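Q: generate coordinates for the sequence data below:
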Amino acid sequence: MIRQVRFGPFALEIDAERTKAVYSGLERVSQGCQCSGCRNFEEAVRQIPPQVKEFFACLGIDPQKPAEVYVNAQNPDGSLYYGGFYHLFGRLLAGDSAWKSGHAVFITDQFCAAFQEECGLVEPGFSDQVLQLEFLANLPWVLEETSDYPVRDGFTLG
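A: Numbering: from 1, shown residues only. Okay, the predicted model is just below:
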């Protein structure tokens, strides 16, 4: 079912059910990569605040299955400053495409997102009218092993 949603400056026409159906067949991030950053992301994203869970659910996206995820730095508090993107069926009706305009939607003070029509690493199952959801997030280090990412001050969102 196609519906319109708005997040800050972005107006989207999305098909969350179709998106959710594709995600049900995708692998989790740790199935494609075993680095500590990806393994931590998969566990830490389970602890995201309810507002962020609702954001993903509204779009039909499984937060444990990004198309791409990467660590920018470790924050002084031990959390990791992540970036990455997901895909969803939809069209951008209003709002400048992703980071070009500097517009982003803060879902919480530790998670922000933007949308763009230009897509990379599109997973099998997505075909026409695909949008890319770009994100930046601070997520806790939750693995028992010690993080080997360098600490850098000034990268945090909040």
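
Q: contacts and neighbour counts: CA atoms only from here.
A: Will do.

Q: in contact with Val52, which residues?
A: Contacts were defined as Cα atoms under 8 Å, 6 or more residues apart in numbering; by that measure Val52 touches 107-108, 111.

Q: ok, 7 Å please
A: Ile107 (Cα atoms under 7 Å, 6 or more residues apart in numbering).

Q: what about it, which SS state?
A: Of the three states, Val52 takes helix according to DSSP: H, G, I helix; E, B strand; the rest coil.

Q: try Cys58
A: Per three-state DSSP, Cys58 ends up helix.

Q: any idea how far Arg3 is from the residue lying closest to it once chain neighbours are set aside?
A: Spatial nearest neighbour of Cys58, excluding adjacent residues (Cα to Cα, 6 or more residues apart in numbering): Ala16 at 6.8 Å. Taking Cα to Cα, to the nearest Å as the measure, Ala16 falls 8 Å from Arg3.

Q: just checking, Gly125 touches Val22?
A: Yes - Gly125 lies in contact with Val22 (Cα atoms under 7 Å); the separation is 5.8 Å.

Q: the two: which has the busier surroundings?
A: When Gly125 and Val22 are compared for neighbours, Val22 comes out ahead with 20 against 13, by other Cα atoms under 10 Å.

Q: name the residues that touch the helix or strand where the more buried one lies?
A: For Val22, the host element (DSSP states H and E) is helix 16-23. Helix 16-23 is contacted from outside by 1, 58-62, 88-89, 125, using Cα under 7 Å, 6+ apart.

Q: switch the cut-off to 8 Å
A: Helix 16-23 has contacts (Cα under 8 Å, 6+ apart) with 1-2, 58-62, 65, 88-89, 125-126.

Q: list just the nearest of those to Asn138.
A: For the contacts of helix 16-23, the closest approach to Asn138 (Cα to Cα) belongs to Lys65, at 17.1 Å.

Q: okay, now that closest one: neighbour count?
A: As a burial measure, Lys65 scores 21 neighbours (other Cα under 10 Å).
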